[in-house]
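> No sequence on hand, only this structure:
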Ligand code: ADP
Ligand code: MG
């Protein structure tokens, strides 16, 4: 910024100055800016361009080739409109330079014609070049007329292009942004301490904003953007790290795991001490029908170490589908119970809660530990009993759904809360279960959807994390095939072959609409077709969301017992269901599913000793769908799938934003592209906090302010 500009800036008028007072804006244009949510100078400065047009390069029209994005500049020579069939209106405007002509084309945009009428002279347009009838075309390009009062400099530069809404013109936003930069940017205070900026080699906020709106070149602009991204990540990481540090300072339960069965008989004030007659390791050996994998043992060790520490455990266990998270949860519950506390496991669906109850109570019965189930569909007498057992402490382990966090459910000594399939729950539910426990009890959350590291570091950044990286031995990789709908018959034949060998099959039909009813209909249709036409010789069961819980349970149990050969289902089986003899899964209209969902579904097979198959039946309706199906065929590595998913869909959708709150709503950052900046911001946050845990020092206060405004409820006070 020039010295002259700095002089012109008016101290005393800050970023909250109304945009109408910006030079060159005024009340009329301000109304347009208001439509974009830009009310103050600060709003303008912090509105990012959507992209940039490189107007340093405006190729001669005759150089343009189809498929290329380009800027063109020329005289407007011809405008005509034509009515097409179906009431559509075609508008074509030709522009010409010394080398040739190109047609700018719009459909059904009469107001563009009106705007073009006013043009005298040159037009500049940007868009994708396409082959046309007689000349190249650009469809619905961004364009503007080169007016008399336009700064010709504007056209030999990198020009920002802002997101617009109806009735707002690009040049208005550009003008306001330039003016805001010229008169105000140098007055923007930088919340980042200079030392930090220097270490990170980042430009000041003033300089960055100037480069964002009026870039000198792409390098400076990129650096400016990087700074904003870094800052955005930094606040989030500061918040997460502060929470994490606060947690370490809390005093919770110190489970004396290694003392159990040690013979000295001193184990806290255990109510259940009589049962703790031998070391936990011995119990662990007895309770599982299999040898734990190395990965399971390692994660259990990490959990036990947390549990022994006084600080409350706050750990995330990630493990791909089928990696055996249930066993890890069971080990933690065993340790908890042996130390005299109760443990609770909350699952997102009744089917899953029951399945957990089924496997877990078998394990614990052997050890004389009492397990109870609490789910919504139980009779009120059953519920009352379960609730009573939880309250009295008689139920040492409680397994259930949301029913566990209902009012009226209390625990005598809940020391460990486990949340399975965490991604299905919100933070509130995690907190709700925790609030039923002893103050500062241990919390373990498990998620089967492998999440990309970048998401893990943001969404779950305050948790410690363990990864079960490896599947139980003897699992053969699932063979995945992508078949077109016209190959169905061969798919059915293959399934028939497997069932004759004694296996079972899942058929999943797609999520076709939000409505339960429509989904049910689709499942019923498929069930009918398979029963009557395809597999009349087999028993075909049906599972969908509109069935009563008892019906679902009956069907699921029959499938588990092998009395049903083929189970037709909507996505209700997506999560956690475990039937090792089911070795083939056919997903109908697989293009309608997201990648993680397909991966979850596929994880229902390949849980036993038999070779498993997953058949995705689909037409590739678009590129994304084809890409997803290809990824499924290529890999069964959940982490790779999660990364791919993030790339294809973007973080908003992946995080299930509705339940995760606003933590992933980044204004500048892109979790995939800016991963390396995220890592730096995280390290910087840890560094800053290690010398100033409460951000109390003068140079850090501005950062604290930002973090506080952004997450007023989440910020702890640390004892230093
Ligand atoms: P997920 O991690 O998807 O929740 P589960 O806990 O349901 O996986 O385990 C998947 C299957 O693997 C279950 O049938 C379980 O009994 C089995 N399993 C778990 N751990 C082992 C192991 N160490 N060895 C053999 N089978 C195991
Ligand atoms: Mg599971």
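That came through, no problem. Values in this document were obtained by computation on a predicted structure and should not be read as measured data. Ligands and ions are numbered 1, 2, ... in the order given.
> contacts, neighbours, all on C-alpha from now
OK.
> Let's verify residue 159: helix, strand, or coil?
What DSSP: H, G, I helix; E, B strand; the rest coil gives for residue 159 is strand.
> Contact residues of the protein facing ligand 1?
290-293, 319, 321-327, 472, 576, 578, 580, 607 (Cα under 6 Å from any ligand atom).
> if we go to 5 Å?
290, 292-293, 321-326, 472 (Cα under 5 Å from any ligand atom).
> ok, so what distance separates the residue in the stretch 51-200 of the chain positioned nearest to ligand 1 from residue 590?
In the stretch 51-200 of the chain, no residue comes nearer to ligand 1 than residue 200, which is 39.9 Å away by Cα to the nearest ligand atom. From residue 200 across to residue 590, the span is 45 Å (Cα to Cα, to the nearest Å).
> The two: which is more packed in?
A direct count of neighbours by other Cα atoms under 10 Å for residue 200 and residue 590 places residue 590 higher, at 26 against 14.
> I figured that one was touching residue 510, is that so?
Yes - applying Cα atoms under 8 Å, one finds residue 590 in contact with residue 510, separated by 7.0 Å.
> any shared contact partners between the two?
With Cα atoms under 8 Å, 6 or more residues apart in numbering applied, the contact sets of residue 590 and residue 510 do not overlap.
> In three-state terms, label the closest residue to ligand 1 within the stretch 451-600 of the chain for me.
Residue nearest to ligand 1 within the stretch 451-600 of the chain: residue 472 (4.5 Å; Cα to the nearest ligand atom). Three-state assignment for residue 472 (three-state DSSP): coil.
> Helices along the stretch 201-350 of the chain, start to end?
205-213, 218-249, 280-287, 294-308, 325-338, 350-365 (DSSP state H, counting those that start in this stretch).
> can you redo the ones you listed as a markdown table with mean neighbour count and mean pLDDT?
What follows is the helices of the stretch 201-350 of the chain, written out as a markdown table (neighbours: other Cα atoms under 10 Å; pLDDT from 0 to 100):
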| stretch | mean neighbour count | mean pLDDT |
| --- | --- | --- |
| helix 205-213 | 24 | 97 |
| helix 218-249 | 21 | 92 |
| helix 280-287 | 16 | 91 |
| helix 294-308 | 19 | 96 |
| helix 325-338 | 24 | 96 |
| helix 350-365 | 20 | 90 |
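> By mean pLDDT, flag the weakest helix or strand of this protein.
helix 657-660 (a mean of 36; mean pLDDT, DSSP states H and E).
> after that helix, next one along is what?
helix 675-691 (DSSP states H and E).
> what about whichever helix or strand comes after that next one, distance to the chain center?
Heading C-terminal from helix 675-691, the first helix or strand you meet, by DSSP H and E, is helix 701-710. Relative to its chain's centre, helix 701-710 lies at 25 Å (Cα atoms, centre = their mean, to the nearest Å).
> Can you name the residues in contact with helix 701-710?
191-192, 235-236, 238-239, 695-696, 715.
> Quick one: residues contacting the closest residue in space to residue 158 that isn't next to it in sequence.
Spatially, and ignoring its direct neighbours in sequence, residue 158 is nearest to residue 54 (4.6 Å; Cα to Cα, 6 or more residues apart in numbering). By Cα under 8 Å, 6+ apart, the contact list for residue 54 reads 71, 157-159.
> hmm, 7 Å instead?
Applying Cα atoms under 7 Å, 6 or more residues apart in numbering to residue 54 gives the contacts 157-159.
> follow-up on the earlier one: do I have it right that the residue of the stretch 451-600 of the chain closest to ligand 1 meets residue 325?
No - if you go by Cα atoms under 7 Å, residue 472 and residue 325 don't touch, sitting 10.8 Å apart.
> what domains does the record give for the chain?
Using automatic domain parsing, the domain parsing of the chain gives 1-54+157-187, 57-155, 257-308+324-447, 479-635.
> With respect to residue 77, which of the helices of the stretch 201-350 of the chain lies nearest?
Nearest of these to residue 77, taken as Cα to Cα: helix 205-213 at 32.1 Å.
> Pull the residues that contact that closest one.
Contacts for helix 205-213 (Cα under 7 Å, 6+ apart): 45, 160, 177-178, 181, 185-186, 188, 190, 220-221, 224-225.
> What of stretch 465-474?
So stretch 465-474 is contacted by 293, 295-296, 299, 315-319, 322-323, 609 (Cα under 7 Å, 6+ apart).
> Please indicate which of those residues are buried?
293, 295-296, 299, 315-319, 322-323 (16 or more other Cα atoms under 10 Å).
> Now go through those residues and say which are in strands.
315-319 (DSSP state E).
> Reformat these as a markdown table; add pLDDT.
Listed next are these as a markdown table, based on pLDDT from 0 to 100:
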| residue | pLDDT |
| --- | --- |
| 315 | 93 |
| 316 | 91 |
| 317 | 93 |
| 318 | 89 |
| 319 | 88 |
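> Centre of the chain to stretch 409-422, how far?
25 Å.
> cool, stretch 368-377 as well?
With Cα atoms, centre = their mean, you get 32 Å for stretch 368-377.
> quick one: buried residues of that stretch?
In stretch 368-377, residues buried by neighbour count (16+ other Cα under 10 Å) are 369-375.
> circling back to that earlier point, let me know the closest of the contacts of helix 205-213 to residue 259.
Distances from residue 259 to the contacts of helix 205-213, taken by Cα to Cα, are shortest for residue 190, at 53.6 Å.
> roughly how far apart are the closest one and residue 335?
50 Å.
> Okay, now the unreliable bits of this structure?
1-13, 147-156, 262-277, 426-427, 449-450, 511-516, 572-576, 649-664, 714-720 (pLDDT under 70).
> which residues in the stretch 451-600 of the chain form strands?
464-468, 479-483, 504-508, 540-543, 566-569, 582-588 (DSSP state E, counting those that start in this stretch).
> So which of the ones you listed is nearest residue 595?
With Cα to Cα as the yardstick, what comes closest out of the strands of the stretch 451-600 of the chain is strand 582-588 (12.5 Å).
> Can you give the strand pairings for that closest one, parallel or anti for each?
With DSSP bridges as the test, strand 582-588 is paired with strand 504-508 (parallel), strand 613-617 (parallel).
> Measure how far that strand is from the centre of its chain, please.
With Cα atoms, centre = their mean, you get 26 Å for strand 582-588.
> contacting residues for residue 75?
Going by Cα under 7 Å, 6+ apart, the list of residues near residue 75 reads 95-97, 121-123.
> And it, its phi and psi?
When quoted as degrees, to the nearest 10, the phi and psi of residue 75 stand at phi -80, psi 140.
> residue contacts, residue 494?
Counting by Cα under 7 Å, 6+ apart, residue 494 has no contacts.
> again, but for residue 164
Counted by Cα under 7 Å, 6+ apart, residue 164 has contacts residue 36.
> try 10 Å this time
32-33, 35-36, 49-50, 170, 173 (Cα atoms under 10 Å, 6 or more residues apart in numbering).
> now swap in residue 98 and tell me
Counting by Cα under 10 Å, 6+ apart, residue 98 has contacts 60-62, 74-75.
> And what about it, helix, strand or coil?
coil.
> Let the chain start at 11 from now.
Renumbered: residue one is now 11, and that last one reads residue 108.
> Can you tell me how far it is from residue 680?
Taken as Cα to Cα, the span from residue 108 to residue 680 is 42 Å.
> and what of residue 325?
From residue 325 to residue 680 the distance is 26 Å (Cα to Cα).
> State the number of residues packed around the residue of the stretch 461-610 of the chain closest to ligand 1.
Around residue 482 there are 18 residues (other Cα under 10 Å).
> if we can go back for a sec, how about the backbone phi and psi for the residue nearest to residue 168?
Dihedral angles (degrees, to the nearest 10) for residue 64: phi -90, psi 90.
> and it, how far is that from residue 256?
Counting by Cα to Cα - residue 64 and residue 256 are separated by 48 Å.
> Residue 194 too?
Counting by Cα to Cα, the gap from residue 194 to residue 256 is 39 Å.
> Next: residue 33.
Taking Cα to Cα, one finds residue 33 at 48 Å from residue 256.
> How about residue 625?
48 Å.
> wait, doesn't residue 151 sit right on residue 102?
No - when contacts are counted by Cα atoms under 10 Å, residue 151 is not listed as touching residue 102 (11.4 Å).
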